[in-house]
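Participant: how would this look folded up:
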Amino acid sequence: ASGEQIDIGPLGASLLRQAVSTTLIRSDHFEIFRLVLHAGDMVPDHKLPRIYEVPSVVTIQCIEGAVAVEAHGRSQNMQSGHMLYLAKGEPHALKAIEDCSLLITMLVGRE
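Facilitator: Now for the predicted structure:
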């Protein structure tokens, strides 16, 4: 709720196969969630027919661990403390290099 603090710090030992992805804030036009991926997990390109398209700007912040992000025709490795911005509708995919938690922020157009 508005005015409440949310702990987005590293999950540490609980990241090892116990943590799950969680929506932290959801409103009509804004969403933040913690995405937990374990080493080898993949989130396919959002432009693929079986995966929803993300029709918004997106930021991806690596809270802990490491993840490879494919976007703009290249792959980049993100480590803890790094953030990436993706323009509206930019196709992207994620692959966990090691157990990681990511803070994903999206502006969305819910009706």
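
Participant: mind listing what residue 15 touches?
Facilitator: Counting by CB atoms under 8 Å, 6 or more residues apart in numbering, residue 15 makes contact with 36, 64, 65, 99, 100, 101. For the C-beta atoms, the positions are set from N, CA and C on the backbone; glycine is no exception.

Participant: revised request: answer the last question for residue 9.
Facilitator: By CB under 8 Å, 6+ apart, the contact list for residue 9 reads residue 63.

Participant: gap between it and residue 63?
Facilitator: 7 Å (CB to CB, to the nearest Å).

Participant: direction included, what does the strand ranked longest in the chain pair up with?
Facilitator: Using DSSP state E, we find that the single longest strand of the chain is strand 92-107. Strand 92-107 sits in its sheet next to strand 30-37 (antiparallel), strand 42-43 (antiparallel), strand 58-71 (antiparallel), going by DSSP bridges.

Participant: show me which positions of the first one end up buried.
Facilitator: This points to strand 30-37. By neighbour count on 16 or more other CB atoms under 10 Å, the buried set for strand 30-37 is 31, 32, 33, 34, 35, 36, 37.

Participant: distance of the closest residue to residue 24 other than its chain neighbours from residue 105?
Facilitator: Spatial nearest neighbour of residue 24, excluding adjacent residues (CB to CB, 6 or more residues apart in numbering): residue 32 at 4.8 Å. Counting by CB to CB, the gap from residue 32 to residue 105 is 5 Å.

Participant: same check on residue 88?
Facilitator: Distance, residue 88 to residue 105, using CB to CB: 13 Å.

Participant: what residues are up against residue 39?
Facilitator: Taking CB under 8 Å, 6+ apart as the contact definition, residue 39 lies against 96, 97, 98, 99.
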